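quick one, fold the following:
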Amino acid sequence: MTVHVDALDDEHGIRVRDTAEGEAVALRTDCDPNPAPASTDGFTMPVDTAVEIDATEIHLPVFVAPIFWQDGEVVHRATPDDAPRFSRGTYEVDFSPPAAKVYVYVEDAEPTAVFADGRVTLDLGDPSRVVVGVRSHHEQPVATVTTTEDPRDLMAAVSTFGSALKTHSPDRSWPTLRGHPPAIRCGDDLDVPEEVAPPETGVRIEVPPEYGAIYTVAPLAYYLGATVEPGTRPRVIADGQSYELDIDDLAGSVRSVLEHVFTLDCVVRMAGVYPFHTTTADELEARVELDYERLFELPLAERTAAYFEIARSATAGLLDWHYTADVAADPAYAAALPYLVDELALVRSPPQQTGHVNLTPSPNALQSGDDAVLARSAASTPPQKLSAVAPEATDTSGHAWVAEGFSSTAANPTVGSFRRGFDWPQGDDVLDVHVVYNDARLDASDETAYDTHQTAKTNVRASYGLSTAELREALYEDVDFLHFVGHVTESGMVCPDGTLDTRTLARTGVKAFFLNGCRSYEQGRALLTAGSVGGIVTVDDVADDVAGRVGRDVSMLLDNGFPLYAILDVLDRVGVAADRYSILGSGTLAFRQSASGTPVLYELDSGAATAGSDAFPVTGRYYPCNENGIGSLYSSSYTDADTTVAHGGVHRETVSRAQLRRWLDSSPSPILLDGELRYTPNLTMADFE
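As a prediction, this is how the structure comes out:
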């Protein structure tokens, strides 16, 4: 059991803790809750544990849009502008913060939702004894499939991916209803455990028995619950109908089908348990008329065939994808496939690349307007050349390179780092961050901005001028995140008494890291090999002023739930030479949960108020990941925008001055103001004059 519910020590309420995810959230009540174990039966959706509590009001410290159910059907989704008090009866309320799925079951009550200061309260009307059910977001492979190097055996392994789907209805477009595919290992014989046998959906994908083709169709096979079988030409077969895939552009053709089917599911699912209208539905309905109820009830194969009869132009551009993975067409990389597919990454195999680039040093790395710029390098001799692969550009914000070589413009995961990601973070305590300042001349006062999360706590510890022995101990020590501020040379990380080369470490207790010194790639790679999950490194010289600004921006984004791939994308948008920074490990690794669910970066221009009104145009850029992945719903508590489906693109809306003032006062978060990353508690309305 990874979910625990306990009474708060210092005030009335309960704390929901998910030890698998390392997340916790406090639900305050207006009286002593007197929690007691309860049955998990009776909830519409599955829950892992349940407790009974006493309450008239239950307060969440963040904004959510509570969903009210009666008799297993949704009767309302409350918003700040539409939150009625319901007539007396029995209700189930989806009252879920980002950390877990939380459901409140109450009898003989008149509930309503109250919104204030960016937070929400469930008001039950009268003192009540309610049952709170909780389900963990945590997902891991339930079994391991063994495959040989025979491509046909690999097809059988990929055919098991659909067994992880928790439903075959369009509701599988919800990220929490897509389980993790089985793990893959290579062996002497094919072995498919019974619990992950391919589902009988009636959908199959035929491709030539070649690694590249099999890898490329894997995400589509997972989402369609399809088997993958040998064929002379690539195609999808569903309900007796055949849809041809382009053999000359298989990756592009698979992407088109996946986007089409997924977008339709995100709209058709309105006919299911969650009947919420979205902007995506509005746009689709302007292009085509569909019978949602009929499509929702069709078996998966028949629904897939019906989707193929709908013109691709009807869904084109409605949802942008978020992640692409270039994967080598080699059996050595089969084990990485389930982890990429779990994020619904688009796979290009063989990898698409334009060549190689020489990364060290770039001629203008230290140019910032001065003739001489201090840099985080103490090297007295020219550094060795670092050559990197240059993948072909992709229009997704996230990009992974899973092949020989190193890419500075994409995340560089290993199978080991994927597996260790299940242990990140461990336990249910506050996250431990160790910041090491190892050069006295560097201004450390504003280097980091941890402990800015709206609800979660971070224990930040700072060390200064560590010796080689002390730094070695710091790297052996179990810590969630290490942020190094100092110099790095070819010999290692610089200390007052010499350098420590992390390549000499047999192990490390550091889960994740940011090595903010010049050309720290080799040192970070050694930490990854020694047991870390991943982190951010540099592949070039970086000037001190640039590194200091990046240190603040990265720590703020990490602490507010942005995954690593999003951080590099944001750095690029704020004008930093983001190509000097790179990701080791999984690009979807997130420091913690975003308080808003799916991480969104809002961009505003202080001088762009709409003529004749007080409205500011706002652009929100999504970075879906993990349980708040593509397909989630997103609602803003400070704008008039309708509910949207989270995807890899942007949405545009407006915010009035009154809404903006409320936003700045009560919703701590990073925003991009006039091209600079700022933190809302440090802003006032004067910054928008």
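
neighbours of Thr56, how many?
Applying other CB atoms under 10 Å, we find 16 residues neighbouring Thr56. For glycine as for every other residue, the C-beta is placed from the backbone atoms N, C-alpha and C.

max-length helix in this structure?
Identified as the longest helix of the chain according to DSSP state H is helix 250-268.

what is the biggest strand by length in the chain packed up against?
Scanning the chain for the longest strand, with DSSP state E as the assignment, gives strand 119-135. Under the contact criterion of 3 or more CB pairs under 8 Å, 6 or more residues apart in numbering; DSSP states H and E, strand 119-135 touches strand 3-7, strand 13-18, strand 49-60, strand 101-109, strand 112-116.

how about the ones you listed in TSV, adding distance to Asp189 and mean pLDDT?
Compiled in TSV, these are given as follows (distance: least, CB to CB, whole Å; pLDDT from 0 to 100):
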stretch	distance to Asp189	mean pLDDT
strand 3-7	38	86
strand 13-18	38	86
strand 49-60	40	94
strand 101-109	39	92
strand 112-116	56	91
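
could you list the buried residues of the longest helix of the chain?
Buried residues in helix 250-268, defined by neighbour count with 16 or more other CB atoms under 10 Å: 250-251, 253-268.

so for it, mean pLDDT?
For helix 250-268, mean pLDDT is 98.

what about stretch 175-192, start to end distance?
Counting by CA to CA, to the nearest Å, you get 25 Å between the two ends of stretch 175-192.

before we move on, the earlier item: make TSV out of the helices and strands packed on strand 119-135 and add distance to Arg303.
Putting the helices and strands packed on strand 119-135 into TSV (distance: least, CB to CB, whole Å) gives the following:
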stretch	distance to Arg303
strand 3-7	33
strand 13-18	33
strand 49-60	34
strand 101-109	26
strand 112-116	34
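
which stretch among those strands comes nearest Asn412?
strand 13-18 (28.9 Å; CB to CB).

mind giving me the packing neighbours of the closest one?
Right, strand 13-18 is packed against strand 3-7, strand 23-29, strand 49-60, strand 119-135 by 3+ CB pairs under 8 Å, 6+ apart.

same for the longest helix of the chain, what does it pack against?
helix 211-224, helix 279-285, helix 292-297, helix 300-308, strand 346-348.

the helix or strand that the longest one is followed by: which residues count as buried?
Reading on from helix 211-224 to the C-terminus, the next helix or strand found by DSSP states H and E is strand 227-230. Within strand 227-230, the residues that count as buried by 16+ other CB under 10 Å are Thr227, Val228.

need the pLDDT of the residue most central in space within the chain.
The centroid of the chain falls nearest to Cys625 when counting by CA atoms, centre = their mean (1.8 Å). On pLDDT, Cys625 comes in at 91.

bridging residues for it?
Here Cys625 shows beta-bridge partners Asn628, assigned using DSSP bridges.

that one contacts Thr588, doesn't it?
Yes. Under the criterion of CB atoms under 8 Å, Cys625 makes contact with Thr588 at 4.5 Å.

who touches both of these two?
Each of Glu343, Pro563, Tyr565 lies in contact with both Cys625 and Thr588 under the rule CB atoms under 8 Å, 6 or more residues apart in numbering.

for Gly179, which non-adjacent residue is closest in space?
Ala164 (3.6 Å; CB to CB, 6 or more residues apart in numbering).

show me what contacts that neighbour?
Pro141, Val142, Arg178, Gly179, His180, Pro181, Pro182, Val196, Tyr222.

and Pro234, by the same measure?
With contact set as CB under 8 Å, 6+ apart, Pro234 has these partners: Ile205, Glu206, Val207, Pro208, Ala213, Val217, Glu244, Leu245, Asp246, Ile247, Leu250, Ser253.

what number of residues lie near the fourth one?
Counted by other CB under 10 Å, the residues lying close to Pro208 total 15.

for the first one, same thing?
Using other CB under 10 Å as the criterion, Ile205 is surrounded by 28 other residues.

rewinding a little: could you dump the helices and strands packed on helix 250-268 to CSV with distance to Val645?
Formatted as CSV, the helices and strands packed on helix 250-268 follow (distance: least, CB to CB, whole Å):
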stretch, distance to Val645
helix 211-224, 15
helix 279-285, 5
helix 292-297, 15
helix 300-308, 17
strand 346-348, 18
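
make TSV from the ones you listed and add mean neighbour count and mean pLDDT to it.
Below are the helices and strands packed on helix 250-268 laid out as TSV (neighbours: other CB atoms under 10 Å; pLDDT from 0 to 100):
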stretch	mean neighbour count	mean pLDDT
helix 211-224	26	98
helix 279-285	17	95
helix 292-297	15	97
helix 300-308	21	98
strand 346-348	25	98
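
the ones you listed: which one's closest to Pro35?
Nearest of the helices and strands packed on helix 250-268 (CB to CB): helix 292-297, 38.0 Å.

and that closest one, what does it pack against?
helix 250-268, helix 300-308.

ok, Thr504 to Asp32 distance?
56 Å (CB to CB, to the nearest Å).

now swap in Gln659 and tell me
Distance, Gln659 to Asp32, using CB to CB: 37 Å.

residues in contact with Arg303?
Contacts for Arg303 (CB under 8 Å, 6+ apart) come out as Pro170, Leu295, Phe296.

switch the cut-off to 7 Å
Leu295 (CB atoms under 7 Å, 6 or more residues apart in numbering).

roughly how far does Arg503 sit from Val415?
Distance, Arg503 to Val415, by CB to CB: 20 Å.

tell me which of these two has more neighbours.
Taking other CB under 10 Å, Arg503 and Val415 do not tie; Val415 has more neighbours (19 against 13).

so that one sits right up against Ala335, yeah?
Yes. Using CB atoms under 7 Å, Val415 makes contact with Ala335 at a distance of 4.6 Å.

helix or strand for Glu470, which one?
Using DSSP H and E, the element containing Glu470 is helix 468-476.

from the chain's centre, how far out does that helix sit?
The chain centroid and the centroid of helix 468-476 are separated by 31 Å under CA atoms, centre = their mean, to the nearest Å.

and the chain, what are its domains?
3-135, 144-342, 352-585, 600-688 (automatic domain parsing).

got a markdown table for those, with distance to Gln593 too?
Listed next are those as a markdown table, based on distance: least, CB to CB, whole Å:
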| stretch | distance to Gln593 |
| --- | --- |
| domain 3-135 | 4 |
| domain 144-342 | 13 |
| domain 352-585 | 5 |
| domain 600-688 | 8 |
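
for Arg592, which of these is the nearest?
Closest among those, using CB to CB: domain 352-585, at 5.4 Å.

while we're on Thr610, how confident is the model there?
The score at Thr610 is 65. That number is its pLDDT.

check whether Asp439 sits in a helix, strand or coil.
Following DSSP: H, G, I helix; E, B strand; the rest coil, Asp439 is assigned to coil.

what's the spacing between the closest residue to it other than its chain neighbours and Val494?
The spatially closest residue to Asp439, leaving aside those adjacent along the chain, is Gly486, at 4.6 Å (CB to CB, 6+ apart). Counting by CB to CB, the gap between Gly486 and Val494 amounts to 6 Å.
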